[in-house]
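Engineer: how would this look folded up:
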Amino acid sequence: MIKNIKYIISILAVAVLVSPAFGLSDAYKNNIYNPGELKPVDSVLKVKVGEPAPDFTLPAISGEKISLSQFKGKKNVVLSFVPAAWTPVCSDQWPGYNLARSFFEENDTILLGITVDNIPTLYAWTNQMGKLWFPVLSDFWPHGGVAGNYGVLRTEGVTERALFVIDKEGILRYANVADINKRPELGALVTELKKLKGK
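Structural biologist: Modelled structure (predicted):
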């Protein structure tokens, strides 16, 4: 019974993520750039589910360097690639993950947010949107190197809106390149993380 209640609560928390982010100041909203409708997908994946995920080390806005391999044997990892800072969907997507923090923690998972923006841009953007519980990483230089290795770097130099689930052994278990114009559905992510629980 308790398991069912926890599952329902986690689903409700995720459901909240489909609505726009709340409490954003007008000053913040006025600084969001709308690029208009973009080609939904403009890349070809270079990684395969069931194979090791490419390792990387990127700078975080906290000042530290974060490597995928540092979580091996300790945590499952979700990589959230978003196209660009100061854009509408991205500015809605990441704050929404704050509402689902307990879901990630209950499933022994760390979320890593990645864009090709530089550190000063990401620092200003995330400060304006509010504190995020997960590390925000810059794939700025070499430009889009990590996104390119995963096959989610678009021809215009931004990344796809993509989610990857990597288990504690460093194996890619789920890959979803969503329509760049929309926030990705989280139902499949919920299912995939539950599969990894206890592994």
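
Engineer: which residues in the chain form helices?
Structural biologist: Secondary structure of the chain by DSSP state H: the helices cover 2-16, 26-29, 88-99, 101-106, 119-129, 145-150, 187-196.

Engineer: As TSV, those helices with mean pLDDT would be great.
Structural biologist: TSV is the format used below for the helices of the chain (pLDDT from 0 to 100):
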stretch	mean pLDDT
helix 2-16	48
helix 26-29	62
helix 88-99	87
helix 101-106	93
helix 119-129	94
helix 145-150	98
helix 187-196	88
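
Engineer: what about residue 34, how many neighbours?
Structural biologist: Look at residue 34: counted by other CB atoms under 10 Å, it has 9 neighbours. C-betas here are computed from N, CA, C, even on glycine.

Engineer: Pretty sure it sits against residue 90.
Structural biologist: No. Using CB atoms under 8 Å as the test, residue 34 is too far from residue 90 to be in contact (11.3 Å).

Engineer: Residue 37 touches residue 181, doesn't it?
Structural biologist: Yes. Between residue 37 and residue 181 there is a contact under CB under 8 Å: 5.9 Å.

Engineer: Can you give me the first-to-last residue distance of stretch 55-75?
Structural biologist: With CA to CA, to the nearest Å as the measure, the first residue of stretch 55-75 is 15 Å from its last.

Engineer: and that stretch, how far from the chain's centre?
Structural biologist: Relative to its chain's centre, stretch 55-75 lies at 14 Å (CA atoms, centre = their mean, to the nearest Å).

Engineer: Over to stretch 53-60?
Structural biologist: Distance, centroid of stretch 53-60 to centroid of chain: 14 Å (CA atoms, centre = their mean).

Engineer: Likewise for stretch 101-114?
Structural biologist: Relative to the centre of its chain, stretch 101-114 is centred 10 Å away, using CA atoms, centre = their mean.

Engineer: Return the per-residue confidence for the closest residue to residue 89 other than its chain neighbours.
Structural biologist: Spatial nearest neighbour of residue 89, chain neighbours left out: residue 183 (5.6 Å); criterion: CB to CB, 6 or more residues apart in numbering. At residue 183, the model reports a pLDDT of 87.

Engineer: What of the one 3 residues further on?
Structural biologist: Confidence at residue 186, expressed as pLDDT, is 78.

Engineer: which residue is nearest the middle of this structure?
Structural biologist: residue 80 (1.7 Å; CA atoms, centre = their mean).

Engineer: if I look at the closest residue in space to that residue that isn't next to it in sequence, how far off is residue 44?
Structural biologist: Leaving out its chain neighbours, the residue that sits closest to residue 80 by CB to CB, 6+ apart is residue 113, at 5.0 Å. Taking CB to CB, to the nearest Å as the measure, residue 113 falls 23 Å from residue 44.
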